[in-house]
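> below is the sequence, then the predicted model.
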Amino acid sequence: MSEWILVDADLSRYHSTKFKAGGRLYFLKAGRKNVSIYDLALRKNVSLKLSAIPKFYYTPEEFTFGTHHFSTKTWKSILKDFRGYTKKTRNEKDILDTLKKINRKKS
C-alpha cells in the first residue's frame, strides 16, 4: 500500500533551491482509481488539478515523484505540528503514521 508523500506545488518556481517556508505543501497518496490530496496550509483535503503540482507517475504498487527530497528538519517540524493537533481526521492520522515511519528510517 502506498504512503503519503510530501510535495511542494511551487517547486517549479524554486528550481534547485531547498525547501522554503511559505511554499504550498501538499501530501498526496495514490489509490487504485484516484489520488488523495491533503493541503498542509488549509489542514484539509482539497480538489486540485494535477497539472498544478510536479509531474508524477504511479501504479498502486509504485508511487514516485519528480520532486526533491525534504530535509529531516522539515519532516520533524511537520511531525511536531501533526502531533500537536488535538482532533485529527482519519487522513491526518494516516499521514502521521507515515511521518513516524519516515522519521524512524532517517534516524
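Looks like it arrived, so ask away.

> contact partners for the nearest residue to F56 once chain neighbours are set aside?
Once flanking residues are discounted, F56 sits nearest to F65: 4.4 Å by C-beta to C-beta, 6 or more residues apart in numbering. Placement of C-beta: from N, CA and C, glycine included. By C-beta atoms under 8 Å, 6 or more residues apart in numbering, the residues touching F65 are I5, V7, L28, P54, K55, F56.

> if I look at the second one, what pLDDT would I see?
Meaning V7. Among the per-residue scores, V7 holds a pLDDT of 81.

> out of the contacts of F65, who has the most neighbours?
V7 (23 neighbours; other C-beta atoms under 10 Å).

> and what about it, helix, strand or coil?
Taking DSSP: H, G, I helix; E, B strand; the rest coil as the rule, one finds V7 in the strand state.

> so where do the helices sit in the protein?
For the chain, the helices defined by DSSP state H cover 11-14, 72-84, 90-106.

> make JSON lines out of those and add mean pLDDT, mean neighbour count and distance to R32.
Shown next, in JSON lines, are those (pLDDT from 0 to 100; neighbours: other C-beta atoms under 10 Å; distance: least, C-beta to C-beta, whole Å):
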{"stretch": "helix 11-14", "mean pLDDT": "51", "mean neighbour count": "13", "distance to R32": "26"}
{"stretch": "helix 72-84", "mean pLDDT": "84", "mean neighbour count": "14", "distance to R32": "26"}
{"stretch": "helix 90-106", "mean pLDDT": "83", "mean neighbour count": "15", "distance to R32": "16"}
